[in-house]
Structure formats: structure tokens, C-alpha cells
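Engineer: sharing a model prediction with you, sequence too.
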Amino acid sequence: MLETTVIGNVGRDAEIKEINGQRYVSGSVAHSAGKDKPTTWVKFMYRVGERSTIQNHLRCGARIFVRGDLSASTYTMRDGSTAIDLTVWANKIEILQFAKSEQEDEDDGDMPDFLRGR
């Protein structure tokens, strides 16, 4: 596998998915190299335990760091063109900046250290 790192903004609120009896947080992150550059969308899958709450903090607009194994596949779009689907099977996610709706809650002291990137 090819290990990669993506830093960008969560595109929509993350959700829990179950695959082969394992729980994963699933979402997408948008990365742009600059104002006039195209945005690259990358899906992420992050294995979590039964009591994990990280998905509650991976909300649309949050800036995150994702590291893991990159997989790519192709699919056919409605117009017949071929597109590439990029997915990072993450082994590390850090929240660099919370979504605007959570920023007021960030300083309340009950946030676990792993969500703060410590």
C-alpha cells in the first residue's frame, strides 16, 4: 500500500459504517493547493471502537489531518466519462480546527486529548 497524508476540510458530517463486523468512521475531505487550483476530494475510513465519539467532531468545515493507506479505483460517471475514487484507510486522524459550530465548545475542558492532536 501507498501511505499518504491529506490535510483539508471535511465535506460533510462523518458517519459510522459497519464493514465485516468492524466499525468505521466514514467521510470525505477536500484538499486544494490554492485559490485557482482544482479541489481534490478524498474519502476516508477510520476504524473505531464501540464507544468512539470522534465522528461527532468530524463535522462539515472542520480542518483535519488524515494519514493512512491510499487506495484508488475507477468508476463510470452518468455522462459516460471515467472518474477516480480515492480513499484513505486512515490509521491517524487529527482535528486541526473544529467546525464553526463547535469552536465555542472547544474551550470547555471536556474534550479528550486525542481529539486535540496531543
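Structural biologist: Nice, thanks for sending it over. These numbers were taken from a predicted model, which means no experiment stands behind them.

Engineer: the residue lying closest to T87 once chain neighbours are set aside: how many residues sit nearby?
Structural biologist: Once flanking residues are discounted, T87 sits nearest to K43: 4.4 Å by Cβ to Cβ, 6 or more residues apart in numbering. C-betas here are computed from N, CA, C, even on glycine. Neighbours of K43 under the rule other Cβ atoms under 10 Å: 16.

Engineer: shouldn't K43 be within a strand?
Structural biologist: Yes - read with DSSP: H, G, I helix; E, B strand; the rest coil, K43 is one of the residues of a strand.

Engineer: quickly list what it is bridged to.
Structural biologist: Applying DSSP bridges to K43 gives these bridge partners: S28, T87.

Engineer: and it, what does it touch?
Structural biologist: 26-28, 85-88 (Cβ atoms under 8 Å, 6 or more residues apart in numbering).

Engineer: what about the strands in the protein?
Structural biologist: With strands called from DSSP state E, the chain shows them at 2-10, 15-19, 22-32, 39-48, 63-76, 82-97.

Engineer: quick one, which of the ones you listed is nearest to Q55?
Structural biologist: strand 22-32 (4.6 Å; Cβ to Cβ).

Engineer: what's that closest one packed up against?
Structural biologist: Secondary-structure packing of strand 22-32 (3 or more Cβ pairs under 8 Å, 6 or more residues apart in numbering; DSSP states H and E): strand 2-10, strand 15-19, strand 39-48.

Engineer: which positions in the last one come out as buried?
Structural biologist: By neighbour count, and taking 16 or more other Cβ atoms under 10 Å as the criterion, the buried residues in strand 39-48 are 42-46.

Engineer: G8: which of these is nearest?
Structural biologist: Closest to G8, out of all of the buried residues of strand 39-48 and judged by Cβ to Cβ, is V42, at 7.5 Å.

Engineer: for the closest one, give its distance to G21.
Structural biologist: 25 Å (Cβ to Cβ, to the nearest Å).
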